[in-house]
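S.K.: I'll drop the sequence and a predicted model, then ask my questions.
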Amino acid sequence: MPSFDFTSEADMVALKNAIDVATRQIDNRYDFKGTTAKVELNEKEKTITLHGDSDFQLDQIKDILFPAMEKKEVESTKRLDHQPVQKISGNKVKQELKIRMGIDAELAKKIVRLIKDSKQKVQASIQGDAVRVQGAKRDDLQAAIALIRKEIADFPIRAGNFRD
């Protein structure tokens, strides 16, 4: 019985490259000279930390970082969970962006519900942080992929691990 998995994993190498590109651009910009503007990646905790002198400067850093991320991996900015801006030592600010990995339980249930409600001839089941879809024909599986890609546009989901 053919099957495939819906997953969502961030490409950490592409993310690291995008942050390196953004860091170089920040270092070379005249309006950031002498400021605390910087971007840090913590691969263990899967967070990106933005440092700046003001909220406006954080927005400018995001305007540099997000296109660099999108260039390296499409829809990668959709997986970021923006934490509130924190004031630190005087007039400095920082913001953490958590990188969401895998499909959380709520989204997995939504995917399973969408597939069941569509009355397609496939079965969906939650397998940890992935959703496995099984069906009798490849065409049914492709229809399920098209349905999920159309319905869930706010989080990057990949269909992979196809088995015949």
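M.R.: Happy to help now that I have it. What you see is a predicted model, and the numbers here were worked out from it, not measured in a lab.
S.K.: Got the domain ranges for the protein?
M.R.: For the chain, the structural domains run 3-8+102-163, 12-99, going by automatic domain parsing.
S.K.: got those as JSON lines, with mean neighbour count and mean pLDDT columns?
M.R.: (C-beta placed from N, C-alpha, C; glycine too.) Formatted as JSON lines, those follow (neighbours: other CB atoms under 10 Å; pLDDT from 0 to 100):
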{"stretch": "domain 3-8+102-163", "mean neighbour count": "16", "mean pLDDT": "86"}
{"stretch": "domain 12-99", "mean neighbour count": "15", "mean pLDDT": "90"}
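S.K.: centre of the chain versus the strand ranked longest in the chain, how much separation?
M.R.: Ordering each strand of the chain by length in residues (DSSP state E) puts strand 92-99 first. Averaging C-alpha positions (CA atoms, centre = their mean, to the nearest Å) puts strand 92-99 16 Å from its chain's average.
S.K.: From the contact counts, what lies against the helix or strand that it is followed by?
M.R.: Where DSSP states H and E defines the elements, the next helix or strand beyond strand 92-99 is helix 105-117. If contacts are counted by 3 or more CB pairs under 8 Å, 6 or more residues apart in numbering; DSSP states H and E, helix 105-117 sits against strand 122-127, strand 130-135, helix 138-151.
S.K.: And these: which comes nearest residue 66?
M.R.: In terms of CB to CB, the element of those nearest to residue 66 is helix 138-151, at 21.8 Å.
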